[in-house]
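Student: sharing a model prediction with you, sequence too.
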Amino acid sequence: GADSLETNPRPPTPTRPLRVQQDSFLLVDTLVAEWDARLANAPPRCALEVGSGTGYVIASAAVLMRDTGVNDFRCHATDVKPDAV
């Protein structure tokens, strides 16, 4: 299984990084679907991810905004585990 702080109490290291969880992929898929459905017409200017873990979701949001020409998009992320962000 994927390493996570919940299933593997040892914190990630450079040789054993925290892996992206399946729910992160689902969140990014949902973000892309929402972009296609309605956000492209009025793009957000800011995103906050609470419990960002690896940062995969917020980084994906930043890439989506950049690739679609939203230049003034700001990303913010936080996590209670200092090694996670």
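Tutor: Sure thing, it's come through. These figures come from a predicted structure and were not determined experimentally. Residues are numbered from 1 along each chain as shown.

Student: remind me which residues of this structure are low pLDDT?
Tutor: 1-18, 85 (pLDDT under 70).

Student: and with 80 instead?
Tutor: 1-20, 82-85 (pLDDT under 80).

Student: what segments of it are strands?
Tutor: Along the chain, the segments classed as strands by DSSP state E run 46-50, 74-78.

Student: separation between the residue nearest the centre of the chain and N41?
Tutor: Central residue of the chain (Cα atoms, centre = their mean): V57, 1.4 Å from the mean position. Note on V57: its distance to N41, by Cβ to Cβ, to the nearest Å, is 22 Å. C-betas here are computed from N, CA, C, even on glycine.

Student: need the longest helix for the chain.
Tutor: Taking DSSP state H as the criterion, the chain has its longest helix at helix 22-37.

Student: quick revisit: now do the contacts for the residue nearest to the centre of the chain.
Tutor: By Cβ atoms under 8 Å, 6 or more residues apart in numbering, V57 lies in contact with 24, 27-28, 31, 49.

Student: and if we set it to 10 Å?
Tutor: 20-21, 23-28, 30-31, 47, 49, 51, 77 (Cβ atoms under 10 Å, 6 or more residues apart in numbering).

Student: with V80 instead?
Tutor: Per Cβ under 10 Å, 6+ apart, neighbours of V80: 50-51.

Student: can you check V50 too?
Tutor: 76-80.

Student: those, buried ones only, as a PyMOL selection?
Tutor: Buried residues among those (16 or more other Cβ atoms under 10 Å), as a PyMOL selection:
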select buried, resi 77+79
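
Student: show me the two of the contacts of V50 that sit farthest apart.
Tutor: H76 and V80 (15.0 Å; Cβ to Cβ).

Student: ok, now which ones touch R45?
Tutor: 65, 70, 72-74.
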